[in-house]
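Novice: Pasting the sequence and the predicted model now:
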Amino acid sequence: MGGFDMESLVDATAGAIGSLASTTILYPLDTCKTKYQAELRTPNLRKYRNLSDVLWEAIRKRQVLSLYQGLGTKNLQSFISSFIYFYGYSFFRKLHMERSGFKSVGTKANLIIAAVAGACTVAITMPLDTAASRMQTSDFGKSKGLIKTLSEGTLGEAFDGLGISILLTLNPAIQYTAFDQLKERLLEGKLGNPQSLSALSAFLLGAASKCVATCLTYPAIRCKVMIQAAESSEDREEESEMESRKTVSGALHAIWNKEGFLGFFKGLRAQILKTVLSSALLLMIKEKITKSTWVLFLAIKRFLVLSMSRLKSS
């Protein structure tokens with residue numbers, strides 16, 4: 001595998017563009033979901049009874065545009081993480097097939113490859129993820145910029161939730177493994193070529209695979225949101241409690257004490273709605289632009305080769 005890996009680069013670019021588009025389209029829903037998940041109160045004291053309450057609060061306060069607070073940071077994090085993830089996933093997958101001699105990757109190997117790619121991605125983009133979550137969960141109209149959000153805390157706080165985020169690499173690992181296995185069957189195993197699914201097939205497979213992954217990992221997702229959430233004006237009176245919730249064990253204990261077992265699944269429907277739509281859109285867009293990206297990169301490569309040959313001959 002000398003030189004740069006064209007196939008992995010094409011896959012990463014298409015995935016990053018798809019992620020950027022899906023994140024932007026669904027961002028208001030993501031903000032509502034995150035604020036809803038971050039709230040931890042007994043049922044009779046809840047500010048948000050359901051997901052729509054967050055939206056109505058923004059409308060009532062005339063802060064509808066605040067549903068986009070943190071969009072730039074989220075897009076930056078989404079683009080970088082998707083590029084790194086898809087490049088690593090495609091690269092390690094291809095490397096495994098070359099060394100094993102197999103024409104496809106089994107489920108077990110696929111899960112390991114996806115988890116490794118996910119762990120590398122999380123370690124690099126964690127501060128951006130933390131900042132985006134704090135911006136989303138800030139009071140409407142009071143969100144701060146990326147630099148100010150990160151500078152207010154320590155370097156360690158920028159990596160709040162790193163452990164549970166690494167654990168959550170199982171989510172995309174499960175999702176993309178399921179997606180690739182189903183895609184392989186639909187395309188008769190021709191994964192070595194820039195084959196693409198139809199938009200509808202990619203959307204449906206993306207939705208189904210993400211739904212399964214989200215249901216299996218949701219308690220950890222809820223804990224991660226709580227750990228990364230900004231302190232709202234109502235929470236500052238309970239500073240010691242907020243500090244204890246900055247650890248996985250503290251978040252789990254707080255959910256159990258205030259909301260019981262069902263609290264671990266609070267916001268599951270909202271999470272499924274957002275992540276399924278987001279992942280389905282991402283994979284649909286990625287599948288549709290992969291061929292175009294492939295042609296573009298081949299044209300650029302040919303241009304560079306011709307330019308180098310002319311320079312050498314002159």
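Specialist: Sure, I can see it. These numbers were taken from a predicted model, which means no experiment stands behind them.

Novice: ok, which stretches of the stretch 1-150 of the chain are helices?
Specialist: With DSSP state H, counting those that start in this stretch, the ranges of helices along the stretch 1-150 of the chain come out as 6-25, 27-38, 51-60, 71-100, 107-137, 146-151.

Novice: Reformat the ones you listed as a markdown table; add mean neighbour count, mean pLDDT and distance to residue 295.
Specialist: The way it works is simple: take the backbone N, C-alpha and C, and place the C-beta from them, glycine included. Output for the helices of the stretch 1-150 of the chain, formatted as a markdown table (neighbours: other CB atoms under 10 Å; pLDDT from 0 to 100; distance: least, CB to CB, whole Å):
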| stretch | mean neighbour count | mean pLDDT | distance to residue 295 |
| --- | --- | --- | --- |
| helix 6-25 | 21 | 80 | 9 |
| helix 27-38 | 23 | 90 | 30 |
| helix 51-60 | 16 | 90 | 41 |
| helix 71-100 | 20 | 85 | 18 |
| helix 107-137 | 21 | 85 | 25 |
| helix 146-151 | 15 | 80 | 35 |
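
Novice: Apart from its chain neighbours, what residue comes closest to residue 285?
Specialist: The shortest distance from residue 285 to any non-neighbouring residue, by CB to CB, 6 or more residues apart in numbering, is to residue 18 (3.7 Å).

Novice: Kindly report the same for residue 167.
Specialist: Spatial nearest neighbour of residue 167, chain neighbours left out: residue 220 (5.7 Å); criterion: CB to CB, 6+ apart.

Novice: what's the answer for residue 181, then?
Specialist: Distance criterion CB to CB, 6+ apart; nearest residue to residue 181, sequence neighbours excluded, is residue 107 at 6.5 Å.

Novice: The helix or strand harbouring the residue nearest to residue 167: which residues count as buried?
Specialist: Secondary structure from DSSP states H and E places residue 220 in helix 199-228. Using 16 or more other CB atoms under 10 Å as the test for burial, helix 199-228 gives 201-211, 213-214, 217-228.

Novice: And the residue nearest to residue 167, how far from residue 114?
Specialist: Applying CB to CB, to the nearest Å, the value for residue 220 to residue 114 is 16 Å.
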